[in-house]
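Engineer: Could you work out the structure for the sequence below:
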Amino acid sequence: MLSPLFIDTFLLDYHLGHVILLGFVVSLLAAAPLKSQKVIASIVAGFGTIFLVAPYTTMPQVYILAGIPMILIGALLWTMAGN
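Structural biologist: Predicted structure coming up:
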């Protein structure tokens, strides 16, 4: 059985930016079989918004600033998606 101390030392290496990034990758992998550009675009723009509104004290500024291009890329993908 794992001790609680092991779990704490494992989780201390990660912050909110890592958790949101993991959710982003898992969401993209889950949406890939749908082959819908609008779904992918909404995921990218949605997670860009989540990165922007996340508290800046819980993760480095690189993750927060990555939200701006993600929103722009999501909007471009939505615009270029076919009907």
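Engineer: who touches the host helix or strand of Leu72?
Structural biologist: Using DSSP states H and E, Leu72 maps to helix 67-80. The contact list for helix 67-80 (Cβ atoms under 8 Å, 6 or more residues apart in numbering) reads 37-38, 40-52. Backbone N, C-alpha and C define where each C-beta goes, glycine included.
Engineer: now, the most widely separated pair of those residues?
Structural biologist: Distance extremes for these: the farthest pair is Gln37 and Leu52 at 22.3 Å, using Cβ to Cβ.
Engineer: Which positions in the helix holding Leu72 come out as buried?
Structural biologist: Applying a neighbour-count criterion of 16 or more other Cβ atoms under 10 Å, one finds Gly67, Met70, Ile71, Gly74, Leu77, Trp78 buried in helix 67-80.
Engineer: Tell me which residues touch Ile20, please.
Structural biologist: Counting by Cβ under 8 Å, 6+ apart, Ile20 touches Phe47, Ile50, Phe51, Ala54, Met59, Tyr63.
Engineer: Would you mind measuring from the spatially closest residue to Ala45 that is not a sequence neighbour to Leu52?
Structural biologist: Distances taken as Cβ to Cβ, 6 or more residues apart in numbering put Gly74 closest to Ala45, at 2.7 Å, once the chain neighbours are dropped. According to Cβ to Cβ, to the nearest Å, Gly74 and Leu52 sit 12 Å apart.
Engineer: re the thing from before, turn the buried residues of helix 67-80 into a markdown table, including pLDDT.
Structural biologist: A markdown table is the format used below for these (pLDDT from 0 to 100):
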| residue | pLDDT |
| --- | --- |
| Gly67 | 92 |
| Met70 | 95 |
| Ile71 | 96 |
| Gly74 | 96 |
| Leu77 | 95 |
| Trp78 | 95 |
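Engineer: which residues of the chain score low on pLDDT?
Structural biologist: The model of the chain has pLDDT under 70 over residues 1-2, 83.
Engineer: What number of residues are in the vicinity of Ala41?
Structural biologist: 19 (other Cβ atoms under 10 Å).
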